[in-house]
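Novice: Structure here, sequence nowhere to be found:
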């Protein structure tokens, strides 16, 4: 895949690989790839997926089973993209527009000992309904979770977040989104808390790092800080997020 990757995409793949393999200088194993639409987040995600399925830092595969969670409208697209770039080298199991019985059968088969598929692609809605089945398998289940359009997880109290947290995937979670921060820092914190809860465990502390406690969706940064303070906040945010 490397011959198809542009320089910024190679950088993105390297970043994600180092994060989920614990090679970067922070106490965590998850990351957020926040790129604008059209810059190839899907290809970068597939490249990471293929790498981890083939070999990790020690040479042996890091991941045996992976879960891609995305909006319903993108399940087929992810399946098509995996087939396009990997040309059948990875067997995928898309779950889309299926009956409850079919979904239960697919999940059971995917998590079973005779399963041939390495990647299940499932919608947020379907995952929420069947989350307990993934949680039951523990370490024998999914070792990597990749969430596309991950800004859907910004509501930290949402059921999707709680259900995904029930999975024992060794902390290997990758969020793909073009809009990690839209209205306030609480939104960004909810994503950071999801991928690295041991670092970003307290919203009030996170916001205090920037010199304010809470910015509601109707409050603009301009209303509470001057230009010098805004520059300081942005610099601090970059410093925190860079690893």
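Specialist: Looks like it arrived, so ask away. In this text the structure is predicted, and so the values were computed from the model without any measurement. Numbering: from 1, shown residues only.
Novice: which residues touch stretch 15-35?
Specialist: Stretch 15-35 is contacted by residues 8, 12, 41, 44-45, 48, 51-52, 56-57, 62, 144, 150, 170-180, 191-192, 194-196, 198-199, 243 when judged by CB atoms under 8 Å, 6 or more residues apart in numbering. For glycine as for every other residue, the C-beta is placed from the backbone atoms N, C-alpha and C.
Novice: Where do the strands of the chain begin and end?
Specialist: If DSSP state E is used as the criterion, the strands of the chain fall at 30-34, 66-70, 92-95, 119-123, 144-148, 173-177.
Novice: Of the ones you listed, which is nearest residue 228?
Specialist: With CB to CB as the criterion, residue 228 lies closest to strand 30-34 of those, at 26.0 Å.
Novice: Show me what that closest one pairs with in its sheet, parallel or antiparallel.
Specialist: For strand 30-34, the paired strands and their directions (DSSP bridges) read strand 173-177 (parallel).
Novice: Which helix or strand in the protein has the lowest average pLDDT?
Specialist: Scoring the helices and strands of the chain by mean pLDDT, DSSP states H and E places helix 159-165 at the bottom, with a mean of 59.
Novice: wait, isn't residue 143 in contact with residue 67?
Specialist: No: under the criterion of CB atoms under 8 Å, residue 143 makes no contact with residue 67, lying 9.1 Å away.
Novice: residues near the nearest residue to residue 106 once chain neighbours are set aside, how many?
Specialist: Among residues not flanking residue 106 along the chain, residue 95 sits closest, at 5.3 Å (CB to CB, 6 or more residues apart in numbering). Burial measure for residue 95: 20 neighbouring residues, criterion other CB atoms under 10 Å.
Novice: separation between the nearest residue to residue 78 once chain neighbours are set aside and residue 71?
Specialist: Nearest residue to residue 78, sequence neighbours excluded (CB to CB, 6+ apart): residue 121, at 4.8 Å. Remark: distance between residue 121 and residue 71 (CB to CB, to the nearest Å) = 11 Å.
Novice: Equivalent analysis for residue 19, please.
Specialist: 24 Å.
Novice: Show me what the mean pLDDT comes to for stretch 173-180.
Specialist: Taken as a whole, stretch 173-180 has an average pLDDT of 84.
Novice: What of stretch 228-243?
Specialist: Mean pLDDT, stretch 228-243: 78.
Novice: can you pull the buried residues of it?
Specialist: For stretch 228-243, burial by neighbour count (16 or more other CB atoms under 10 Å) applies to residue 233.
Novice: buried subset of the contacts of stretch 15-35?
Specialist: With neighbours counted by 16+ other CB under 10 Å, the contacts of stretch 15-35 contain buried members at 12, 41, 44-45, 48, 51-52, 62, 144, 150, 170-177, 180, 191-192, 194-196.
Novice: now, which of those residues lie within helices?
Specialist: 12, 41, 44, 45, 48, 51, 52, 191, 192, 194, 195 (DSSP state H).
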